[in-house]
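S.K.: Only the shape, not the letters, is given here:
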């Protein structure tokens with residue numbers, strides 16, 4: 001099963017392109033959740049919302065809606081995966097207010113952070129088994145068998161990533177779910193993805209996964225490219 005959405009929903013230039021002109025921004029989440037089955041929350045990376053905010057997101061979205069949440073940079077970029085117990089507990093103490101809306105937690109690592117299998121394992125141990133975790137390393141030193149084994153042991157997905165229509169991560173399947181982030185396409189107008197690129201990603205997903213859930217998020221938000229591409233991918237998947 002594919003769950004397709006965008007990385008965030010509060011972009012001003014989406015007004016008129018996606019959101020109706022007269023729709024108050026305070027109602028954008030409800031409108032978005034009526035169009036897509038999932039969203040990835042990026043702003044938690046910069047500033048962890050209060051528990052009440054997660055509660056409101058749960059109340060404002062329908063049954064079955066899924067909210068993936070990007071882990072606070074305090075753990076990934078400041079602590080650099082060291083001493084993860086408190087940051088993970090604080091994050092989950094707020095994000096679990098989403099209840100059944102809570103989807104995967106994304107750990108996006110700094111591009112300067114070199115591979116550390118022990119730190120990664122210790123971090124993943126801090127998450128309850130019923131919380132799905134996806135990891136997006138951005139340094140080439142992470143592409144080793146040791147790292148793959150750590151991810152597999154903890155049922156954590158390697159977050160596949162694309163930039164300019166090309167995979168920038170190995171296409172490992174390390175968990176009972178998949179996670180894909182599409183950052184920037186090469187089609188016109190930029191940063192859209194073309195149909196050929198999207199079909200290629202569908203083929204890769206089909207090759208790696210059977211009936212498992214795969215979460216796909218478009219992070220190419222300028223000009224509502226993410227909205228256009230998410231809708232196109234949904235149409236292609238239905239066919």
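M.R.: Nice, I can see it. Quick caveat: nothing in here was measured; it's all calculated off a predicted structure.
S.K.: in this protein, which helix or strand is least confident?
M.R.: The least trusted helix or strand in the chain, going by mean pLDDT, DSSP states H and E, turns out to be helix 43-46, with a mean of 91.
S.K.: Specify the beta-bridge partners of the residue sitting nearest the centre point of the chain.
M.R.: Per C-alpha atoms, centre = their mean, the C-alpha nearest to the average position across the chain is that of residue 40, at 5.0 Å. Beta-bridge partners recorded for residue 40 (DSSP bridges): residue 7, residue 68.
S.K.: distance between the ends of stretch 29-39?
M.R.: End-to-end span of stretch 29-39 (C-alpha to C-alpha, to the nearest Å): 10 Å.
S.K.: buried sites along it?
M.R.: 29, 32-33, 36-39 (16 or more other C-beta atoms under 10 Å). For glycine as for every other residue, the C-beta is placed from the backbone atoms N, C-alpha and C.
S.K.: so how far is the helix or strand just after the least confident helix or strand of the chain off the chain centroid?
M.R.: Remark: after helix 43-46, the chain's next helix or strand is helix 51-60, criterion DSSP states H and E. With C-alpha atoms, centre = their mean, to the nearest Å as the basis, helix 51-60 stands 19 Å off its chain's centre.
S.K.: can you check stretch 89-103 too?
M.R.: Worked out by C-alpha atoms, centre = their mean, stretch 89-103 lies 15 Å from the chain centre.
S.K.: quick one: buried residues of it?
M.R.: Neighbour-count burial for stretch 89-103 [16+ other C-beta under 10 Å]: 91-92, 94-95, 97-98, 101-103.
S.K.: got it, and stretch 139-157?
M.R.: 142, 147-148, 150-151, 154, 156-157.
S.K.: Can you add distance to residue 183, secondary structure and pLDDT and give the buried residues of stretch 29-39 back as JSON lines?
M.R.: Putting those into JSON lines (distance: C-beta to C-beta, whole Å; DSSP: H, G, I helix; E, B strand; the rest coil; pLDDT from 0 to 100) gives the following:
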{"residue": "29", "distance to residue 183": "23", "secondary structure": "helix", "pLDDT": "98"}
{"residue": "32", "distance to residue 183": "20", "secondary structure": "helix", "pLDDT": "98"}
{"residue": "33", "distance to residue 183": "23", "secondary structure": "helix", "pLDDT": "98"}
{"residue": "36", "distance to residue 183": "18", "secondary structure": "coil", "pLDDT": "98"}
{"residue": "37", "distance to residue 183": "21", "secondary structure": "coil", "pLDDT": "98"}
{"residue": "38", "distance to residue 183": "17", "secondary structure": "strand", "pLDDT": "98"}
{"residue": "39", "distance to residue 183": "16", "secondary structure": "strand", "pLDDT": "98"}
